[in-house]
Each structure stands twice: as structure tokens, then as C-alpha cells.
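>>> Would you be able to build a 3D model of this:
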Amino acid sequence: MKKVIFYIFVLIGVCACTPKPKRPNFVPDQEQMSLLLADIYQVESVMSQSGRRIVKDDEKNAGYYKSILDEYHLTKVEFDSAISWYSSHPDLFSDVYDDVISILSKRDAVVKKELAEQSKERKDVIEQIPDKKSIWVGESNYKLPLEEQDSTDVLLPFKIKADSIKSGIVRLNAGFTFIKGNELDSAMLKMWLCYADSTADTVRYLINKTFKKQIGNVSQIIPDGKTLVSIEGLLFEHDTAKVSNVEIEDVKMVLLPKLGAAELLER
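The predicted model follows:
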């Protein structure tokens, strides 16, 4: 037993005396590297959600990466070398990865809190607007998938004929809750207003994955001189290759008077 204890103390002593790997001057320390990778992840997430391919050497995307690297006073060559250095020290890289997850989680929580506050404020504003007219004709609540094992035909398209409406603001909102078994990271609430002159206006709302109910909403002012003939869209546009376990509640669409409503909605 004494020998076992002796070997344990020897092992602890060796580990304690093992020097940390010397980091080259151009390689960011753990804190800076974590912040840098978190920033890059967020930029790539935005590009991915916008449908843009993430190719770092693409000239169209190079500007995004350069602006981030400039903030950390790094060149692309130095960044690639820093990644290689951390990759060769997996214990340190694992700590950096954990830090990145923590940073992104905190940022995500802040964003969701701000969006919830804005959504509540806008909802209160809507209730104050007189003469609003409900124009939604579909179901108010949905549970996806509509059928067991069905993950494809759940985009929930809608089309509402308009009676030659020439003025106002069309506003669509719904509550979204991702539930257990969902494989999606995000989805889209999309609405487009179709006019008599064959033109259209499209508005979108990105629905980020969260297991708490979030209110998604889109609004579009009918331009002067335009005549609205139909309102179309998708309540839940998503990657149909993944299972979508989602509850959609309180779907509403209203036509608001243009006079005064725009100013209230911009608050």
C-alpha cells in the first residue's frame, strides 16, 4: 500500500513539474484565442443562415475573416499557424474549445433575452393600435411533424387572397418552441406580398433553435401606388432532411392602418 501511495505522489510530482508548452509570441493566449474563434463561428453562422457557402479563400468571404483577424492583429498566415500550434497541443485546444462554447452560450442568452424583450414591447404596441383587422385564415396552432416520421412536408405554406388592398401594414407573428427530438438548428418564417403589377416584397424572420417559446414576426408596409392581391409565405421553412419536432402556436396575421402604425412598430 505504501508503494502505491509513493508512486502516486511521484506521478503527481512529475505532472506538476512538467512545464507548459512555450507559446510563440504571435499565437494568441487561451482567452484571446477563445474570443477569436467565437467571433469567427458567429460570422460563419450568419453566412450559413443566409445561404452563402463558407469558403475561407473565397474573395467574397475574405473580407469578413480579415476584419476579425485585424481586430486581433493577426494575419491569415499567423492565424493558420496558431490553429496548427493549438492542434499540436490537444489539452490546451480542448480548454479553448470549452471556452468557446461558454462564450457562445452567454452571447446567445443575451441575444435571446433582448429579442424576448423587443417581442413583448412590440406586442404591447400592436395592442395599442386601433382599427387593426385580422386576416389570417389558417390554423392557429400546429405540431410538427404533422405525421409520425414525417420531416419533409412541413413547411406549412399559406396563401391569402387580398381584396385589392392599397394601403396598410401586413404583420404576421407566431410562437415557436423546439421540443425533444428536434434535429434542426434553425428555421425561417417567410412572407411575401404580391401586387397587381406582378412585383412582390419578401420579408423573413430567422427562428433560432431554443427550447423556450420565442415569438417570430414579420411586417411589411404596402408601398404607395401598389395594390395588394395576395399574401403568401411559409410558416416554417427548414432543412427537410432533418426531423422537425416543433410546436407553433398563436399564428396571427393582421392588417394595420399605415397612418401611425409604422412609427409605433419602429419603437
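>>> just the helices in the stretch 1-150 of the chain please.
Assigned by DSSP state H, counting those that start in this stretch, the helices in the stretch 1-150 of the chain fall at 2-17, 30-49, 59-71, 76-87, 90-128.
>>> Could you tell me the average pLDDT over the last one, please?
Okay, so that is helix 90-128. Averaged across helix 90-128, the pLDDT comes to 77.
>>> From residue 111, how far out is the residue nearest the centre of the chain?
With distances taken as C-alpha atoms, centre = their mean, residue 208 lies nearest the centre of the chain, 4.2 Å away. Distance, residue 208 to residue 111, using C-beta to C-beta, to the nearest Å: 8 Å. Every C-beta, even on glycine, is put in place using the N, C-alpha and C of the backbone.
>>> is the residue nearest to the centre of the chain in a bridge, and if so with what?
Counting by DSSP bridges, residue 208 forms beta bridges with residue 186.
>>> Assess the claim that it and residue 188 are in contact.
No: taking contacts as C-beta atoms under 8 Å, residue 208 lies outside contact range of residue 188: 10.5 Å.
>>> thinking again about what came up before, can you tell me how far the residue nearest to the centre of the chain is from residue 185?
In terms of C-beta to C-beta, residue 208 sits 8 Å off from residue 185.
>>> quick one: common contacting residues for those two?
Common contacts of residue 208 and residue 185 (C-beta atoms under 8 Å, 6 or more residues apart in numbering): none found.
>>> what about the strands in the stretch 151-267 of the chain?
Using DSSP state E, counting those that start in this stretch, the strands of the stretch 151-267 of the chain run over residues 157-165, 169-178, 186-195, 200-208, 214-221, 228-237, 246-256.
>>> closest to residue 139 out of those strands?
Smallest distance to residue 139 across those (C-beta to C-beta): 7.0 Å, for strand 246-256.
>>> rewinding a little: the residue nearest to the centre of the chain: what's it in contact with?
Contacts of residue 208 (C-beta under 8 Å, 6+ apart): 108, 112, 185, 186, 214.
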